[in-house]
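> compute the structure for the input listed below.
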Amino acid sequence: MNETTYPDFGILLVDDEPAWLGSLSLTLESLGGISNIATCSDSRQVMEILDQGQVGLVLLDLTMPHLSGEELLEQIAERHPEIVVIVVSGLNQVETAVRCMKLGAFDYCVKTDEEDRIVGGVLRAVRMVEMRREYQEMSSRLVSRELRHPEAFSPIVTADRSMLAIFSYVEAVAKSPQPLLITGESGVGKELIARAAHSLSGCRGKLVTVNVAGLDDTVFSDTLFGHVRGAFTGAEQVRRGMVEEAGDGTLFLDEIGDLAIASQVKLLRLLQEGEYFPLGSDLPKRLKARIIVATHQNLLEKERGGTFRRDLYYRLRTHQVHLPPLRERPGDIPLLLEHFLEEAARTLGKKKPTPPKGLAQFLVTYGFPGNVRELKAMAYDAVSVHHERMLSMDTFVKAVERSQQEAGPRRAAAPKQNPFAGFDELPTFSDAAAFLVMEAMDRASGNQTLAARLLGISQPALSKRLKMLKE
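Below you'll find the model as predicted:
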């Protein structure tokens, strides 16, 4: 997405007047940021150029010697139906315009139209070609489910099928200039997905991250768009905003659900118009960066409640991924535990400790409201106080108990479903207790300490019940 080659497909301008070709090229570049342009003043050469396969959009004059625009339009529709054509005529004739549209033209512009009208039509056509290509790319990627660049996702430890499907989708839409919305609970790894999308995007610039939570409208505008000298009291120097700082890279806006309505309007304009005004400036600047946003909130609910603009919501969800919480991917917990123990040991300059048998099973039974971030914190805390060869389970147990105590009121408000509801014949107390003990021992892989903690009883009480089962 660097400015010297936007868009990533060629745009061919066809007209027998070289002066008009030069003027239109400059207009598209200065007003639309479009620079991947080729020109042709001989209509007989057009099909040969298109046969090379680099062109996605043609701006075509109608009145030309040798081969007319209408004849070319028919040939393009027959041989290259995937190429979008905009007719740019010197005549404002309704019948001609209708005839061209029937032949497959995407739009009909008159040379005397205002420049904004022509540039706007070209930008709409560019977006349509991009979306068509994105759809084809997505379809092929999602069908194959094979990652072409798995290394982009190497920082994310997972073997979960739903996560791997998300990787395929992100890889498919990574080169799209349209926004990417990443949703999911706090701590699930939204920023890691944003980094992967940036690395796969082909954008030459850097990834710039801005957490917009708690920013009022003035601070938001100054942070994103910057200001000129004298824009307000104390503005003694020009400040580059984060949009400009991102340049030809990616701008990642985290916690977008907390954005004030006034700031939402400005973000919507940035996405729709592709331009912004630094505070105190009357001269617009072009948006060159790809926009990725993330939130832990439900934007649809906020939109229905009137705290998030509907038009912005639908603009942001062009491409969307939802990351599942850790409790929905329990198979990843042992993998993540090993990964974070090794990482923590390396960071703290210690040997990687051996986790006790049953630790992974114990963690699988926990809901992890803080998700992957919480598990990482547990691992680092355990390794930091570790001295023996075998890692102690106490640090993890205390962390889980502390979290459960803090969440006590919430847990009480949502009682667990009665597992015996619907039974035709209820088990006896002794049978139910026996089944419960056997299930706990199975989940704990025979570890009585862990099984006792799962049941909420002391280890001596569990030992007593196990003896009763053997009698």
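
> give me the neighbour count for Phe225.
21 (other Cβ atoms under 10 Å). All C-beta spots, glycine's among them, are computed from the backbone N, C-alpha and C.

> can you give me the distance of it to Ser89?
With distances taken as Cβ to Cβ, to the nearest Å, Phe225 is found 39 Å from Ser89.

> any weak-confidence spans in this protein?
Judged by pLDDT under 70, the chain has its weakly predicted residues at 1-4, 138-145, 407-417, 445.

> name the helices or strands packed onto the longest helix belonging to it?
Longest helix in the chain, counting residues (DSSP state H): helix 115-144. Judged by 3 or more Cβ pairs under 8 Å, 6 or more residues apart in numbering; DSSP states H and E, helix 115-144 is in contact with helix 18-32, strand 55-60, strand 84-89, strand 107-110, helix 161-173.

> by how many degrees do it and helix 18-32 diverge?
70 degrees (axes from the mean of the first three to the mean of the last three Cα atoms, to 10 degrees).

> so who does Arg317 touch?
By Cβ atoms under 8 Å, 6 or more residues apart in numbering, the contact list for Arg317 reads 181, 299.

> could you redo the last one with a cut-off of 7 Å?
Arg317 is in contact with Leu181, counting by Cβ atoms under 7 Å, 6 or more residues apart in numbering.

> do the one 5 residues further on as well
If you count contacts by Cβ under 7 Å, 6+ apart, His322 has them with 183-184.

> same question for Val119.
27-28, 31-32.

> which one of those is nearest Glu74?
Of all the contacts of Val119, Glu74 sits closest to Leu28, with 25.4 Å by Cβ to Cβ.

> isn't the closest one up against Ile37?
Yes. The criterion here is Cβ atoms under 7 Å, and Leu28 meets it with Ile37 at 6.4 Å.

> between those two, which has more neighbouring residues?
Leu28 (23 against 17).

> of the contacts of Val119 - the most surrounded one?
Most surrounded of these: other Cβ under 10 Å gives Leu28, at 23 neighbours.

> check the secondary structure at Ala77 for me.
Here Ala77 is recorded as helix under DSSP: H, G, I helix; E, B strand; the rest coil.

> how about the nearest residue to it, chain neighbours excluded?
Gly104 (4.0 Å; Cβ to Cβ, 6 or more residues apart in numbering).

> now Ser25
Ile37 (5.2 Å).

> ok now the longest helix of the chain, how far from the chain's centre?
Remark: helix 115-144 is offset 18 Å from the chain centroid, using Cα atoms, centre = their mean, to the nearest Å.

> so which bits of it are buried?
118-123, 125-126, 129-130, 133-134, 137-138, 141 (16 or more other Cβ atoms under 10 Å).

> now do the buried residues in the host helix or strand of Arg315.
Element membership of Arg315, judged by DSSP states H and E, is helix 310-316. By neighbour count on 16+ other Cβ under 10 Å, the buried set for helix 310-316 is 312-313, 315-316.

> redo these as a markdown table? Include distance to Leu359.
Output for these, formatted as a markdown table (distance: Cβ to Cβ, whole Å):
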| residue | distance to Leu359 |
| --- | --- |
| Leu312 | 45 |
| Tyr313 | 42 |
| Arg315 | 45 |
| Leu316 | 40 |
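
> select, from the residues you listed, the two members most distant in space.
Tyr313 and Arg315 (7.2 Å).

> now stretch 419-439: buried residues?
Quick answer for stretch 419-439 (16+ other Cβ under 10 Å): 434, 437.

> now do the end-to-end distance for that stretch.
End-to-end distance for stretch 419-439: 14 Å, by Cα to Cα, to the nearest Å.
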